[in-house]
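Q: Sequence plus predicted model, see below.
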Amino acid sequence: MPYFIGLFFVAGSAFMTWKATQLWRDADLVDFFMQTFSFMPFGKEVKRGEIRSLGLTAVSLWGLTTLLLLGLLDIEMTGPITVLFAITTVIVLLSLLCEISVILFNAPKIVVPPHMRSDPGLLAARKASRSTGPKRLKP
């Protein structure tokens, strides 16, 4: 049974990589992804930021899959396996940190699909919406 869980994670990681590759190549898919992410209880800017960071999500999912498979293999954590575990853990943590950075600031640009690099990050979009919001009348 544990190997089915591992197989499920490998298939999920492969699927996420495939979808991120499609998004990277086709700007017309952004609207499709916005509809797909409609289950998220966040605003439009957060959803768009999550879509911008879909490649990083795939990287972190592959890292989590690797960590899961290392646990499922039930091998002793010595030598190269320990190094693989440490490197994978660092990759997962760095990709999650970069994902947050892409959502908030849309940086670093190299990990954002080319057609979304000019998007403002969440903080810039919120600041712009506050400055262009309705003006209050002074009494």
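A: The structure has been received and is ready for your questions. What you are looking at is a predicted structure, and each value in this text was computed from that prediction instead of being measured.
Q: Mind listing what's buried along the top helix by length along the chain?
A: With secondary structure taken from DSSP state H, the chain has its longest helix at helix 80-105. Applying a neighbour-count criterion of 16 or more other C-beta atoms under 10 Å, the buried positions in helix 80-105 are 88, 91-92, 95-96, 98-99, 101-104. C-beta here means a position set from N, CA and C on the backbone, and glycine is covered the same way.
Q: Span of stretch 111-129 from start to end?
A: Terminal residues of stretch 111-129 are spaced 26 Å apart (C-alpha to C-alpha, to the nearest Å).
Q: repeat for stretch 109-128
A: With C-alpha to C-alpha as the measure, the ends of stretch 109-128 fall 20 Å from one another.
Q: Spit out the contact partners of Glu99.
A: The neighbourhood of Glu99, defined by C-beta atoms under 8 Å, 6 or more residues apart in numbering, consists of 53, 56-57, 60.
Q: cool, Thr89 as well?
A: Residues touching Thr89, when contacts are defined by C-beta under 8 Å, 6+ apart, comprise 63, 67.
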